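**Student:** what's the 3D shape of this:
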Amino acid sequence: MQQAEINRIIDEIIFLPERFHLENKSILTLLKETGYFEHFDSVNETDISERLAIYPRCIEKWMILSLDNRTGQGWGISDDESGKYSVWYYPPQEDLPLIEFDNIQKACATFIKLEIESIRKIKYG
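**Tutor:** All right, here's what the predicted structure looks like:
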């Protein structure tokens, strides 16, 4: 797969929170429309982080989406007063430890990849 096509898929993914609030569609439906399910192995955290550098406003949208999550389980992202960022799973599980970052862009890229992978695995096992 060409990098331009991977970038298109990632761009659609990083704008999912905006689309979720504008359209009457589930995150699952919106993610499916990106083409991620067919090319999930071509999308990685490094590429997501690079695209977030181009569209930094998307980071805040993902942070808000995480805070608004009303499910009983799933990935989350948060920051603390010291400028550190954490990606975590709720409820806490030994095999899914807290991941800490100094860089919000990398933290958000990790959160996005983990979140969309969990959605893909729910859909396709």
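**Student:** Show residues contacting the longest helix belonging to the chain.
**Tutor:** Longest helix in the chain by number of residues (criterion: DSSP state H): helix 104-124. Helix 104-124 has contacts (CB atoms under 8 Å, 6 or more residues apart in numbering) with 13-14, 27-28, 31-32, 36-37, 40, 43-46, 48-49, 52-53, 56, 58-59, 62-63, 66, 74-77, 79, 85-87, 89, 99, 101. Backbone N, C-alpha and C define where each C-beta goes, glycine included.
**Student:** what does the average pLDDT come to for it?
**Tutor:** For helix 104-124, mean pLDDT rounds to 94.
**Student:** what do you get for stretch 45-59?
**Tutor:** 98.
**Student:** how about the helices in the chain?
**Tutor:** Using DSSP H, helices in the chain cover 3-14, 16-22, 27-34, 36-39, 45-54, 57-68, 104-124.
**Student:** just the ones you listed: most buried one?
**Tutor:** Comparing the helices of the chain by mean neighbour count (mean count of other CB atoms under 10 Å), helix 104-124 comes out on top with a mean of 19.
**Student:** Can I get that helix in CSV, CA atoms only?
**Tutor:** Output of helix 104-124 as CSV, limited to C-alpha atoms (Å, rounded to 0.1, in the frame of the first residue of the first chain):
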residue,chain,number,x,y,z
ILE,A,104,1.1,14.5,24.0
GLN,A,105,1.4,13.7,20.3
LYS,A,106,2.9,10.3,20.9
ALA,A,107,0.5,9.6,23.7
CYS,A,108,-2.5,10.4,21.5
ALA,A,109,-1.1,8.3,18.6
THR,A,110,-0.8,5.3,21.0
PHE,A,111,-4.3,5.9,22.4
ILE,A,112,-5.8,6.1,18.9
LYS,A,113,-4.1,2.9,17.7
LEU,A,114,-5.1,1.0,20.8
GLU,A,115,-8.7,2.3,20.7
ILE,A,116,-9.3,1.6,17.0
GLU,A,117,-7.7,-1.9,17.4
SER,A,118,-10.0,-2.6,20.3
ILE,A,119,-13.0,-1.6,18.1
ARG,A,120,-11.7,-3.7,15.2
LYS,A,121,-11.3,-6.7,17.5
ILE,A,122,-14.8,-6.3,18.8
LYS,A,123,-16.1,-6.3,15.2
TYR,A,124,-13.9,-9.1,13.8
